[in-house]
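A.B. asks: Sequence first, predicted model second:
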Amino acid sequence: DAGVIQSPRHEVTEMGQEVTLRCKPISGHDYLFWYRQTMMRGLELLIYFNNNVPIDDSGMPEDRFSAKMPNASFSTLKIQPSEPRDSAVYFCASSVSGVQETQYFGPGTRLLVL
Amino acid sequence: QKEVEQNSGPLSVPEGAIASLNCTYSDRGSQSFFWYRQYSGKSPELIMFIYSNGDKEDGRFTAQLNKASQYVSLLIRDSQPSDSATYLCAVFPGGGADGLTFGKGTHLIIQP
């Protein structure tokens, strides 16, 4: 299996621009998670989906962030407009059947907002 | 607010010794506990999980859980330089729709 796939791997953008991060979970996994990691705040859960339905989005920082999962094999995390404080590594993870099942992380997207 | 606390380190341990990593959590009702390892510049990977009080062993790794004291620890026996990484403690609150809460991690260095 190819594992969780994320794109792009690196993104540099200017403040105010729209950023879209993409994730393809492992086939057959029903749960998909979006995390953000910074030195200051560590690894934070932003939102997770079960069977394409958002379950817990309490970690989404503000209205500038939105996430969608139009089908079982694709999800996006969008930031509009981006700000320098959004600079972080964004991870997508998936699991077979639950939050407390093994979560398999993708390689991450390193975002730098100038 | 649910909190998971870890000493950020770095924790320096000589090769072959036992490395002891600790984690405390604030939500007394938490049900499941996980240790993820993250090498520098890489993504986290699960190495251990524990649900019940006591010890759980897997090869050189032992997870210990004490729900009364609200702490969970990870012991690494016969530490190897390849164990040098950041270890993230994660807690599942159980019930409701909450996801995992992660600590900020402990940076472990195994000295050859």
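C.D. replies: Cool, got the structure.

A.B. asks: helix/strand/coil for A:Arg85?
C.D. replies: When classified by DSSP: H, G, I helix; E, B strand; the rest coil, A:Arg85 comes out as helix.

A.B. asks: Can you give me the pLDDT of it?
C.D. replies: Confidence at A:Arg85, expressed as pLDDT, is 96.

A.B. asks: burial count for it?
C.D. replies: 11 (other C-beta atoms under 10 Å in any protein chain shown). Glycine gets a C-beta too; all of them are placed from N, C-alpha and C.

A.B. asks: so who does it touch?
C.D. replies: Neighbour list for A:Arg85: A:Val113 [criterion: C-beta atoms under 8 Å, 6 or more residues apart in numbering or on different chains].

A.B. asks: hmm, 10 Å instead?
C.D. replies: A:Met15, A:Thr38, A:Met40, A:Pro61, A:Val113 (C-beta atoms under 10 Å, 6 or more residues apart in numbering or on different chains).

A.B. asks: Write down the beta-bridge partners of the second one, one by one.
C.D. replies: Residues in a beta bridge with A:Thr38, per DSSP bridges, are A:Gly42.

A.B. asks: Need the contacts of A:Arg85 in CSV (columns: secondary structure).
C.D. replies: Listed next are the contacts of A:Arg85 as CSV, based on three-state DSSP:
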residue, secondary structure
A:Met15, coil
A:Thr38, strand
A:Met40, coil
A:Pro61, coil
A:Val113, strand
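
A.B. asks: which of these are buried?
C.D. replies: A:Val113 (16 or more other C-beta atoms under 10 Å in any protein chain shown).

A.B. asks: Where does pLDDT dip in chain A?
C.D. replies: A:1 (pLDDT under 70).

A.B. asks: Could you work out the most separated pair of the contacts of A:Arg85?
C.D. replies: Maximum pairwise distance among the contacts of A:Arg85 (C-beta to C-beta): 18.9 Å, between A:Met15 and A:Met40.
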